[in-house]
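**Student:** Predicted model follows, preceded by the sequence.
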Amino acid sequence: MTLINELLLLIAAVAIGIGATYIILRRQRLERDARSKESPYGTSTEGEKRCPYCGMFNLWTDRNCISCKRKLPG
């Protein structure tokens, strides 16, 4: 096998690895986005709300998260 053939095989293997990594990451992102529509946490716990984006606990009266400043559900 010549050096050029070995380099072409190596380039093909790297391209397949990069493509497979992209597909895996894309699938994980789509699954995470599908799950994020329904929060795995309760709406309130002991008078506190948990932010579905960053996980920070907030007072139940807060409208926005104290950490990431996003709007809280409920």
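**Tutor:** Sure, I can see it.
**Student:** how far does the helix or strand where residue 9 lies sit from the chain's center?
**Tutor:** Using DSSP states H and E, the element containing residue 9 is helix 3-35. The chain centre lies 18 Å from the centre of helix 3-35; the measure is Cα atoms, centre = their mean, to the nearest Å.
**Student:** Determine how far the helix or strand just after it lies from the middle of the whole chain.
**Tutor:** Heading C-terminal from helix 3-35, the first helix or strand you meet, by DSSP H and E, is strand 48-50. Put simply, strand 48-50 sits 21 Å off its chain's centre (Cα atoms, centre = their mean).
**Student:** And for stretch 52-61?
**Tutor:** Relative to its chain's centre, stretch 52-61 lies at 18 Å (Cα atoms, centre = their mean).
**Student:** Would you mark the buried spots in it?
**Tutor:** Neighbour-count burial for stretch 52-61 flags 52, 57-58 (criterion: 16 or more other Cβ atoms under 10 Å). C-beta coordinates here come from the backbone N, C-alpha and C atoms, glycine included.
**Student:** Now do that stretch: distance from first to last residue.
**Tutor:** 16 Å (Cα to Cα, to the nearest Å).
**Student:** what's the answer for stretch 49-57, then?
**Tutor:** End-to-end distance of stretch 49-57 (Cα to Cα): 6 Å.
**Student:** now the protein, which segments are flagged as low pLDDT?
**Tutor:** 35-46 (pLDDT under 70).
**Student:** Domain ranges for it, per the record?
**Tutor:** Using automatic domain parsing, the domain parsing of the chain gives 1-38, 41-74.
**Student:** Just say which of these is most tucked in.
**Tutor:** Across these, the average number of neighbours (mean count of other Cβ atoms under 10 Å) peaks for domain 41-74, which reaches a mean of 13.
**Student:** and that domain, how far out from the chain's middle?
**Tutor:** The chain centre lies 19 Å from the centre of domain 41-74; the measure is Cα atoms, centre = their mean.
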